[in-house]
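Asks: Just need the structure, nothing else, for what follows:
(one chain, ligands or ions: 1)
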Amino acid sequence: MSQELFKEMAQSILDGDDEVSAELAQKALDGGIDPLAAITDGFMPGVNEVGDNFACGDAFLPELVMAGEAMKAAIAVLEPAMMASGVSRQVLGKVVLATVEGDIHEIGKTLVGTMLTSSGFKVYDMGVDVPTADLIAKAEEVGADIIGLSALLTTTMIKQKEVIDEVAKRGLKVMVMVGGAPVTKEWVQRIEADGYSEDAIGAVSVAKELMGL
Ligand code: B1M
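Replies: Numbers count the residues shown, from 1 in each chain. Purely as a prediction, here's the structure:
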C-alpha cells in the first residue's frame, strides 16, 4: 500500500497539485505511515525529478514554483505529527536557523527546523534570504549554541563561509552547522564549518554531537 501511495505522492509534486499532495499526506497519516518516510520516500523523489527536469530544460520556473507549493502543502499536513513524535522536553540547545542571504529555498531548512524542534532543540527560525549581520545579531541576542545555515544554490553557498568568517572575526562562541543540496563534505572542510548533514534526520544527530550529547 505504501509503495503505491509513495508513487502517487511523487506524481502530485510533478503535477504541482497542492490539493492532491495535502490529501495524500493526510492519507499517509491516517494509514499510520511515518511522516518523515512520507516526505523522503514519497514526496522527495517527485521534487528531485522536477529539479532534474528543470536542470535539463524539460521543466520551467512555473513547474518549479508549483512543485514547491505542493511540497509545502504536504509538509504542512505532516509537520504536526512530526512535532508530536518528539519525546524530549528538555532543551538540548539553542539553534538560530536560516536560509542564507540571496536564497529563498525554504522547504529543506524548515524541515530541519521541525526535526530539531521535535528532538528538543529551541529553534529560532529566521526564514529565508537572511543577511549575515542579522544572523549574528540574533545568535548574540539569544545566546545561541549553533547557527544552522541552509543554502540551495551554488551562488549562495559562499554566504555560509561569510557567516563562519564573521563568527571567527568576532570571537563568538557559537558553532556553525551547514546543509543544503549543493553542499559537499569538501566544501564543509574548506569553509571549516563545525557540522554538516545531508538530510534533516542527520542534522539532529550532528546538532547533538556538537552539543556533546
Ligand atoms: Co530552485 N533550484 N531555484 N526553486 N529548486 C534548485 C535548488 C536547483 C538544484 C534546480 C535545478 O536546476 N536542478 C537549482 C540550483 C542550481 C544550482 O545552484 N546548482 C535551482 C535554481 C536554479 C533556482 C532559481 C535560480 C531558478 C530561477 O529563478 N531561474 C531560483 C532561485 C531563487 C533564489 O533562491 N534566489 C529558484 C527558485 C525556486 C522556487 C522558489 C521556485 C522553489 C522553492 C520554493 C520554496 O522553497 N518555497 C524551488 C524549488 C522547489 C527547487 C527544487 C526543485 C527543490 C528544492 C526543495 O525544496 N527540495 C530544487 C531541485 C532539487 O533540490 N532537487 C531547486 C526539498 C527539500 C526537502 O530538500 O532543500 O535539499 P532540500 O533540503 C534537504 C537537505 O538538503 C538537507 O535536509 C533537507 C531535508 O532532507 N538540508 C540541510 C537543507 N538545509 C539544511 C541545513 C542543515 C542540514 C541539512 O543544517 C543547518
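
Asks: Tell me if the helix ranked longest in the chain is near the ligand.
Replies: When the chain is parsed with DSSP state H, its longest helix is helix 61-84. Yes: judged by C-beta under 6 Å from any ligand atom, helix 61-84 comes into contact with the ligand through 61, 64-65, 67-68, 71-72. The way it works is simple: take the backbone N, C-alpha and C, and place the C-beta from them, glycine included.

Asks: Closest to the ligand out of the residues you listed?
Replies: Closest approach between those and the ligand, by C-beta to the nearest ligand atom: residue 68, at 2.9 Å.

Asks: contacting residues around the longest helix of the chain?
Replies: 9, 12-22, 24-26, 28-29, 35-36, 38-39, 43, 46-47, 50-51, 53-54, 106-107, 110-111, 114-115, 117-118 (C-beta atoms under 8 Å, 6 or more residues apart in numbering).

Asks: at 6 Å instead, please
Replies: Helix 61-84 has contacts (C-beta atoms under 6 Å, 6 or more residues apart in numbering) with 12-13, 16-18, 21-22, 25-26, 29, 35, 38, 43, 47, 50, 54, 107, 114, 118.

Asks: Could you look up the next helix or strand downstream of it?
Replies: Downstream of helix 61-84, the first helix or strand assigned by DSSP states H and E is strand 94-99.

Asks: outside of that next one, which residues touch it?
Replies: By C-beta under 6 Å, 6+ apart, strand 94-99 touches 105-106, 109, 113, 116, 121-126, 128, 130, 135, 138-139, 142, 144-148, 150.

Asks: any idea how far residue 36 is from residue 138?
Replies: According to C-beta to C-beta, to the nearest Å, residue 138 stands 27 Å off from residue 36.

Asks: Equivalent analysis for residue 102, please.
Replies: Distance of residue 102 to residue 36, given as C-beta to C-beta: 29 Å.

Asks: what does the chain put close to the ligand?
Replies: 47-48, 50-51, 54-55, 61, 64-65, 67-68, 71-72, 102-109, 111-112, 148-150, 152-154, 177-182, 197, 199-200, 203.

Asks: Return the subset of the residues you listed lying in helices.
Replies: Per DSSP H, the residues of the chain next to the ligand map to helices at 47-48, 50-51, 54-55, 61, 64-65, 67-68, 71-72, 107-109, 111-112, 200, 203.

Asks: what about burial for the residues you listed, which qualify?
Replies: 47, 50, 64, 67-68, 71, 107-109, 111-112, 200, 203 (16 or more other C-beta atoms under 10 Å).
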